[in-house]
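**Student:** Quick one: sequence and predicted model below, then my questions.
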Amino acid sequence: QVQLVESGGGLIQPGGSLRLSCAVSGGTFNRYIMAWFRQAPGKERNFLAGVSPIGRTLYEDAAKGRFTVSRDNAKNTVYLQMNALRPDDTAVYYCAADEALSTVIGRGAEYYGYWGQGTQVTVSS
């Protein structure tokens, strides 16, 4: 059973930084494409960033320049470093795993078979 557990969310002032972590257990982490999504209240869950097993990355426009996705295959963990946070970054952030051995980082939620429970990020003064 593959499990994903996010951590690192919280309340942060505008302009601040947070690093989210997602620990994966029960699977073959170094074969998965990993991704971060977020869902604001009343809105759809949207792709933010993804990272392949060898470290190739893909970012949605909302994440470019401020967010960095990375992974540590030795620790079975994927990270999302978020800088210059804004109130419109407020959302529940989810990590997801694509175990289909694809070489393409998918932007749609349908590509990902495993999800974490989410971690709340609130950007407010």
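**Tutor:** Yep, it's here.
**Student:** how far away is the residue nearest in space to the middle of the chain from Ser25?
**Tutor:** Central residue of the chain (C-alpha atoms, centre = their mean): Trp36, 2.1 Å from the mean position. Distance from Trp36 to Ser25, counting by C-beta to C-beta, to the nearest Å: 18 Å. All C-beta atoms are positioned from the backbone trio N, CA, C, and that covers glycine.
**Student:** Asn30 in helix, strand or coil?
**Tutor:** helix (DSSP: H, G, I helix; E, B strand; the rest coil).
**Student:** Now do the contacts for it.
**Tutor:** Neighbouring residues of Asn30 by C-beta atoms under 8 Å, 6 or more residues apart in numbering: Pro53, Asn73.
**Student:** So for it, what's the pLDDT?
**Tutor:** Per-residue confidence (pLDDT) for Asn30: 92.
**Student:** ok, now the one 5 residues further on?
**Tutor:** Reading off the per-residue confidence, Ala35 sits at a pLDDT of 98.
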